[in-house]
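>>> Mind folding the following:
(chains A and B)
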Amino acid sequence: MDSWMLFVEVLVRGIAMGLVYALMGVGVTLIFGVMRISNFAQGEFYMLGAYVIFYLMNSLSLPFYVAVPMGMLIIFALGAVVEKLLLSPIHGKHVENAMEYSLIITFALSIFFQKLSILIFGPFYRKPPDYLVGNVGIGPVAIPGNLFIAIIVSALLILVVTLVIGRTRTGRAWRAIAQSPRGASIVGVRIGRQGTLVFGLSTAIAAAAGAILAPITLIFPTVGSTSLVKGYEIMAIGGVGSIPGSLIGGIMLGVAETLGSVYLDSAYKDLYGFALLMLFLIFRPRGLFGQVA
Amino acid sequence: MRISRFVWIAVLAVVAALVPLVVKSPHWLHVLDITLYYILLTSSWNLMMGYTGLFSFAHTALSAVGGYTSGLLALRAGIHPALAMLAGGLMAATASLVLGMVSLRLRGFYLCLVTWAFAEIATGILRAEYEITGGTMGLVVPGLFPTGVKRVAFYFVGLGLVIAFLVFMEYLSQSRVGIYLRSIRDDELASEAMGVNTTAWKVFCFTVCGFWAGIAGAYYGHYIGVVDPGMGSLNEMSLVILMVVIGGIGSIPGPVVGAVLVVILSDLLRGSLAAMSMLIFAIVMVIVMRFFPGGLTASLRHLRQEVSAIRSRSGTGRISESHS
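Next up is the predicted model:
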């Protein structure tokens, strides 16, 4: 009986973590699915978002539900500026190999933001106040309040993104670009502007993910690298550009990690996700829900 | 085969061989030895990335594979480090061969993800299996030379490896194979339609680059005397990418120039500016990528063409007429 309870508890934990991971996956898959930009600095936007929202709550003593949208707006603006300044050349004919260009530029950006935040924020761990003190019971298992809030916010944001993509004109423009950038621009979609918008949104999502996980993982300058890894693992599992794929991929990853670290060797905990990523890319490169490229 | 293309390597070899006559301080000799390690890594990564268009994050992990294989063979089996180095190279080549075979269908960013996963898994295993590998602390391995031999000896070993690789690269780039590889980079489909066996040449590229990464790692291990999982980390990989981007992707001298510049500059910046150096390099990398694609070597070449164009324009009127 006890081992059965343990299994259920681990499973619920895994699903809960997976829902938050899914948000990281959505951020990554959004920008890659629409603009074919692989953003290696995604983790750094996650980290900056966590810091910005931490300071909004701590220094301006704003409540959580005001600080998160405000922080997302700030990171959105930062992301948009970065896209305009550094990534916009790939829309034109200035860059020979767009993939290689965006990869290297965002890779350099990730080093830049990481080292900059060590200089500005210092190499310390910071802990934001608990969002919800105590545990919340879901059925027979209790999960920490912070994780509960994280799940709610994550689910809400994923819902909003799904609605924006599925129901709005802007979302339709994004789907058009994903299918064919040239076709989209022929029917009047401004690729440059939409690219800035998508990039900004995907970085804002990363910022939100960073903020809601902050009480659990704490905040430090290299906290983002995990989220980058998770984001791409989820994208590989779920398929490029698929929001349901991100959701399922996130949950699969969360469950695989928690189950793996309990029942298998926990020294290898971080490697299970990488193994999944490799297996999926080798045997099923389009993931569970992705389109054939 | 144009012999003139090899001249710069000969000049480089002679100049580099004379350097120890001038540089006597052990510290700077150490910096030079490390530079040679990075030149081996950057040049071989450039063969993957700049020549064949295969973006790999696994390169420094392969170097770690080579370093550990060689170190463990020398330490546990008592094989002479020189032979062990060769074994390290072969082991890394085998690992790279397998990696290349399983990721053949993938291009661009997907390849990048798989190689990244490979790197994390390889270094993760090196960390976790501490009974064999010494874990995060690393593994103390025997030196290539008996203790007491000066750093100059390592310098000449490294230099020999670098010159051998550069000659190989220059030879390759002028051969048919070099054209095959570049055609794969520029348009894989077209190249396949022209009858190039793209699969075979991509695997070839993986294997060769893996071999040289392994040799580089083994050289590093037997020089420093310690191999650790950090050798294969993403941090090291970012250094390699940085050097190649600054020097110039796709040119043979580019990665050499980049490695020399970055290693020496970061040594000069060490101390109070140590935290700043990576920040500065990252800014330089962004600026180079955004405004000077092709890096330093391409910019220099461009500048030279510009100057000679101005000269010919201001010279006889006839040339400028035919130009316009």
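>>> Residue A:143: helix or strand, and which one exactly?
strand A:141-144 (DSSP states H and E).
>>> List the contacts of that strand.
For strand A:141-144, contacts defined as CB atoms under 8 Å, 6 or more residues apart in numbering or on different chains pick out A:8, A:9, A:12, A:13, A:16, A:135, A:136, A:216. No exception for glycine: its C-beta is placed from N, CA and C like everyone else's.
>>> what do you get if the cut-off is 6 Å, keeping everything else the same?
For strand A:141-144, contacts defined as CB atoms under 6 Å, 6 or more residues apart in numbering or on different chains pick out A:9, A:12, A:16, A:135, A:136.
>>> want to throw the residues you listed into TSV with pLDDT, distance to chain B and neighbour count?
Below are the contacts of strand A:141-144 laid out as TSV (pLDDT from 0 to 100; distance: CB to the nearest CB, whole Å; neighbours: other CB atoms under 10 Å in any protein chain shown):
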residue	pLDDT	distance to chain B	neighbour count
A:9	82	26	16
A:12	85	27	18
A:16	86	25	23
A:135	80	32	14
A:136	80	34	15
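>>> sorry, back to before: and the helix or strand just after the strand holding residue A:143, what does it pack onto?
Next helix or strand after strand A:141-144 toward the C-terminus (DSSP H and E): helix A:145-167. Contacts defined by 3 or more CB pairs under 6 Å, 6 or more residues apart in numbering or on different chains; DSSP states H and E place helix A:145-167 against helix A:2-35, helix A:191-217.
>>> Try it again at 7 Å.
helix A:2-35, strand A:135-138, helix A:169-179, helix A:191-217, helix A:243-263 (3 or more CB pairs under 7 Å, 6 or more residues apart in numbering or on different chains; DSSP states H and E).
>>> Tell me which of the ones you listed sits most buried.
Comparing those by mean neighbour count (mean count of other CB atoms under 10 Å in any protein chain shown), helix A:191-217 comes out on top with a mean of 24.
>>> the inter-axis angle of the next helix or strand after that helix versus helix A:2-35?
Reading on from helix A:191-217 to the C-terminus, the next helix or strand found by DSSP H and E is helix A:224-238. Here helix A:224-238 runs at an angle of 90 degrees relative to helix A:2-35 (axes from the mean of the first three to the mean of the last three CA atoms, to 10 degrees).
>>> Helix A:224-238 and chain B, are they touching?
Yes. Applying CB under 7 Å from any CB of the partner chain, one finds helix A:224-238 touching chain B at A:232, A:236.
>>> Near chain A, which residues of the stretch 201-324 of chain B are found?
Within the stretch 201-324 of chain B, the residues that sit near chain A (CB under 7 Å from any CB) are B:238, B:241, B:245, B:275, B:278, B:279, B:282, B:283, B:285, B:286, B:289, B:290.
>>> Those residues: which two are farthest apart?
The largest separation in those, counting by CB to CB, is between B:275 and B:290 at 24.0 Å.
>>> Give me the more crowded residue out of these two.
Ranked by neighbour count (other CB atoms under 10 Å in any protein chain shown), residue B:275 and residue B:290 place residue B:290 first, with 17 against 12.
>>> What helices and strands are in contact with the worst-scoring helix or strand of chain A on mean pLDDT?
Ranked by mean pLDDT, DSSP states H and E, the weakest helix or strand in chain A is strand A:135-138, scoring a mean of 78. Judged by 3+ CB pairs under 7 Å, 6+ apart, the packing partners of strand A:135-138 are strand A:141-144, helix A:145-167.
>>> Compare the ones you listed and say which comes out lowest on pLDDT.
Lowest mean pLDDT within these: strand A:141-144, at a mean of 80.
>>> Which residues are in contact with residue 198?
By default, I'm working from chain A. By CB atoms under 7 Å, 6 or more residues apart in numbering or on different chains, residue A:198 lies in contact with A:30, A:31, A:34, A:35, A:174.
>>> other chain: chain B
B:184, B:188, B:191, B:192.
>>> By neighbour count, which of those wins?
The residue in the contacts of residue B:198 with the most neighbours, by other CB under 10 Å, is residue B:184 (24 neighbours).
>>> Check which helix or strand it maps to.
Per DSSP H and E: residue B:184 is located in helix B:176-186.
>>> if we can go back for a sec, for the least confident helix or strand of chain A, the distance to its chain's centre please.
25 Å (CA atoms, centre = their mean, to the nearest Å).
>>> Now do the same for residue 105: its pLDDT.
Here I'm looking at chain A. Reported pLDDT for residue A:105: 91.
>>> nope, chain B
For residue B:105, pLDDT reads 79.
>>> Now the phi/psi pair for it, please.
Dihedral pair for residue B:105: phi -70, psi -20, per degrees, to the nearest 10.
>>> and residue A:200, how far is that from chain B?
Using CB to the nearest CB, to the nearest Å, residue A:200 is found at 19 Å from chain B.
>>> you'd agree that residue is up against residue A:82?
No. Between residue A:200 and residue A:82 there is no contact under CB atoms under 7 Å: 8.9 Å.
>>> Can you name the residues of the stretch 51-200 of chain A that neighbour chain B?
Residues of the stretch 51-200 of chain A lying near chain B by CB under 7 Å from any CB: A:86, A:99-101, A:103-105, A:107-109, A:111-112, A:115-116, A:118-119.
>>> And the furthest pair within these?
Within those, two members stand farthest from each other by CB to CB: A:99 and A:119, at 30.8 Å.
>>> Mind checking which of the two has more residues around it?
Just comparing residue A:99 and residue A:119: by other CB under 10 Å the higher neighbour count belongs to residue A:99, 18 against 12.
>>> hang on, the more buried one packs against residue B:108?
Yes. With contact defined as CB under 7 Å, residue A:99 reaches residue B:108; the gap is 4.5 Å.
>>> so where's chain A uncertain?
Applying pLDDT under 70 to chain A flags the ranges A:1, A:93-94, A:290-293.
>>> Let's see that with 80 instead.
Chain A contains residues with pLDDT under 80 at A:1-3, A:5, A:91-97, A:132-134, A:137-142, A:261, A:263-270, A:289-293.
>>> secondary structure element for residue B:132?
Using DSSP H and E, residue B:132 falls within helix B:130-133.
>>> and that helix, does that touch chain A?
No. Residues of helix B:130-133 contacting chain A under CB under 7 Å from any CB: none, with a closest distance of 8.8 Å.
>>> and that helix, how far out from the chain's middle?
Its chain's C-alpha centre and that of helix B:130-133 lie 28 Å apart, by CA atoms, centre = their mean.
>>> again, but for stretch A:27-38
Distance, stretch centre to chain centre, for stretch A:27-38: 11 Å (CA atoms, centre = their mean).
>>> Partner strands of the least confident helix or strand of chain A and their direction?
The strands beside strand A:135-138 in its sheet (DSSP bridges) come out as strand A:141-144 (antiparallel).
>>> Name the residues of the partner strand that are buried.
Buried positions in strand A:141-144, judged by neighbour count with 16 or more other CB atoms under 10 Å in any protein chain shown: A:141, A:143, A:144.
>>> Likewise for stretch A:124-135?
Buried, per 16+ other CB under 10 Å, within stretch A:124-135: A:126, A:128, A:131, A:132.
>>> distance of the last one from residue A:144?
In this structure, residue A:132 lies at 8 Å from residue A:144, with CB to CB, to the nearest Å as the measure.
>>> Perfect, I'm done here.
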